[in-house]
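Participant: Quick one, structure for this:
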Amino acid sequence: MDCFKCKKNIAERDVIKCTGCNMYMHYKCADLSETEFKKILPMNKIKWKCPPCKNKRLAGTLGGTVSPKFKDCTTTSILNVDTDALTEYMDAKLDSLRQQWQEDLNSAIQKVSKTFAQDINRLEKRVDSWEERIKELEQNFTASHSPDVTPMQENNELRADLENLRAKFDDLDQASRSCNVELQNIPEKKAENLIHLSIEVGKLIGVDIKASDIRSVHRVSPKVPNDRPKNIVLQLTTRRLRDDMIAAARSRRTLTTTQLFGSANSAAATAQNTRFYINEHLTLKNKILFSNARQLAKSKGCILKNSCILLRKNDDSRVIHIRCTDDLSKI
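Facilitator: Take a look at the predicted model:
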């Protein structure tokens with residue numbers, strides 16, 4: 001096709017058509033630079049009008065005359081942008097995006113709702129199973145127990161029975177040590193002969209102990225690690241011999257390792273003349289109870305006799321047998 005203005009052939013990439021006069025022309029013949037031509041959007045290019053057509057339309061709108069100043073302004077409209085078309089185009093794009101966002105949001109909400117519904121159904125099933133299990137347990141409990149006894153009463157009775165069994169077990173455990181004595185704070189040495197050491201302890205306190213009187217003798221590790229030597233547990237054949245040994249030790253309250261080993265003995269140098277003690281062999285529970293009773297009875301009398309903890313305020317007061325921690329709280 002030929003340009004309406006210069007009458008020369010127009011390449012398709014350079015052509016522009018006026019919608020007012022329907023004439024084709026070069027963009028340069030339409031007073032457009034290459035940059036201005038490329039800036040015109042496709043949707044505006046189909047509505048583009050040449051400057052004369054624009055002037056005619058503007059003149060008709062303004063009553064048939066256009067001032068020279070306004071005419072110059074209209075002819076220098078280089079971008080030729082149709083704002084209505086641009087607004088319509090942008091609204092269409094926004095509507096498309098809004099619809100897409102709405103679809104994505106609805107899809108996400110449906111997915112989350114489906115997941116929530118599955119979780120709720122699963123929890124409801126678990127709750128139903130728990131309710132059935134509780135109901136079954138209640139029926140079994142009702143069938144196997146007297147209706148006059150409540151679960152709380154039965155629980156209290158079971159607790160009382162358990163405490164009684166524990167007390168009996170502690171008594172039996174202590175009774176099994178009725179022939180034992182415990183030697184404390186005697187230094188250890190390699191290859192020591194505990195039987196010979198026990199006989200020497202008997203000689204020191206004036207009790208005749210023979211090897212045949214000893215059932216067993218060994219050192220025991222403390223429950224709580226410390227720097228003191230391990231205690232020696234001496235099991236004798238008779239309780240009478242145990243009582244004689246305890247009574248003789250109580251009458252000699254200043255027993256030292258120097259007296260036991262002798263000043264000429266090489267072990268005396270390592271013993272450093274420390275005191276050692278001969279006591280009844282108590283269970284761990286009774287040891288703790290006896291220690292607490294002694295702390296409580298600093299101004300009172302507290303003695304240990306035949307593994308029984310006895311406490312009294314003065315010589316004329318009644319003797320209290322301490323069997324458990326609750327007995328201490330009553331004093």
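Participant: mind checking the SS state of Ile16?
Facilitator: strand (DSSP: H, G, I helix; E, B strand; the rest coil).
Participant: Spatially nearest residue to it, not counting backbone neighbours?
Facilitator: For Ile16, ignoring the flanking residues on the chain, the nearest one in space by CB to CB, 6 or more residues apart in numbering is Tyr27 at 5.0 Å. All C-beta atoms are positioned from the backbone trio N, CA, C, and that covers glycine.
Participant: Now that neighbour: phi and psi?
Facilitator: Tyr27 adopts backbone torsions of phi -60, psi -30, taken as degrees, to the nearest 10.
Participant: ok, it - contacts?
Facilitator: Counting by CB atoms under 8 Å, 6 or more residues apart in numbering, Tyr27 makes contact with 14-16, 34, 36-37.
Participant: Check which helices and strands the longest helix anywhere in the chain sits against.
Facilitator: Using DSSP state H, we find that the single longest helix of the chain is helix 83-144. In terms of contacts (3 or more CB pairs under 8 Å, 6 or more residues apart in numbering; DSSP states H and E), helix 83-144 is packed against helix 42-45.
Participant: List every C-alpha atom in the helix it packs on, with coordinates, as PDB.
Facilitator: Provided in PDB are the C-alpha atoms of helix 42-45 (Å, rounded to 0.1, in the frame of the first residue of the first chain):
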ATOM      1  CA  PRO A  42      -1.300  -2.200  20.100                       C
ATOM      2  CA  MET A  43      -4.700  -1.500  21.700                       C
ATOM      3  CA  ASN A  44      -4.200   2.200  21.100                       C
ATOM      4  CA  LYS A  45      -2.800   1.800  17.600                       C
END
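Participant: in the protein, which spans are helices?
Facilitator: 34-39, 42-45, 51-61, 68-75, 83-144, 151-175, 194-205, 239-251, 257-261, 266-271, 284-296, 325-329.
Participant: Could you identify which of the ones you listed is most buried?
Facilitator: A comparison of the helices of the chain by mean neighbour count, using mean count of other CB atoms under 10 Å, puts helix 257-261 on top with a mean of 19.
Participant: Quick one: distance of it to the chain centre.
Facilitator: Chain-centre distance of helix 257-261: 55 Å, with CA atoms, centre = their mean, to the nearest Å.
Participant: packing partners for that helix?
Facilitator: So helix 257-261, by 3+ CB pairs under 8 Å, 6+ apart, packs with helix 194-205, helix 266-271.
Participant: By mean pLDDT, show me the worst of these.
Facilitator: Looking at these, the lowest mean pLDDT belongs to helix 266-271 (a mean of 46).
Participant: how about the contacts of Tyr27, which pair is most distant?
Facilitator: Largest separation among the contacts of Tyr27 by CB to CB: Val15 and Glu36, giving 15.0 Å.
Participant: Give me the neighbour count for Ile232.
Facilitator: A total of 23 residues lie near Ile232 under the criterion other CB atoms under 10 Å.
Participant: just Lys5 next, same as before
Facilitator: Each residue near Lys5 was counted by other CB under 10 Å, and the total is 15.
Participant: what separates stretch 126-143 from the chain centre, distance-wise?
Facilitator: In terms of CA atoms, centre = their mean, the centre of stretch 126-143 is set 31 Å apart from its chain centre.
Participant: Stretch 319-331 now?
Facilitator: With CA atoms, centre = their mean, you get 40 Å for stretch 319-331.
Participant: got the CA coordinates for it in CSV?
Facilitator: Taking Å, rounded to 0.1, in the frame of the first residue of the first chain, the C-alpha atoms of stretch 319-331 are listed here in CSV:
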residue,chain,number,x,y,z
VAL,A,319,10.5,-43.4,126.3
ILE,A,320,9.2,-43.0,122.7
HIS,A,321,10.0,-45.7,120.2
ILE,A,322,10.8,-44.1,116.8
ARG,A,323,9.6,-46.3,114.0
CYS,A,324,9.1,-43.8,111.1
THR,A,325,9.5,-40.2,110.1
ASP,A,326,5.9,-39.5,111.2
ASP,A,327,6.9,-40.3,114.8
LEU,A,328,9.5,-37.6,114.7
SER,A,329,6.9,-35.0,113.6
LYS,A,330,4.8,-35.9,116.7
ILE,A,331,7.5,-34.9,119.1
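Participant: Which residues outside that stretch are in contact with it?
Facilitator: For stretch 319-331, the surrounding residues in contact (CB under 8 Å, 6+ apart) are 167, 289, 292-293, 296, 308-312.
Participant: okay, these in JSON lines with distance to Leu123 next?
Facilitator: Output for those, formatted as JSON lines (distance: CB to CB, whole Å):
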{"residue": "Ala167", "distance to Leu123": "47"}
{"residue": "Leu289", "distance to Leu123": "51"}
{"residue": "Asn292", "distance to Leu123": "51"}
{"residue": "Ala293", "distance to Leu123": "55"}
{"residue": "Leu296", "distance to Leu123": "55"}
{"residue": "Cys308", "distance to Leu123": "59"}
{"residue": "Ile309", "distance to Leu123": "56"}
{"residue": "Leu310", "distance to Leu123": "61"}
{"residue": "Leu311", "distance to Leu123": "59"}
{"residue": "Arg312", "distance to Leu123": "64"}
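Participant: Lovely, talk soon.
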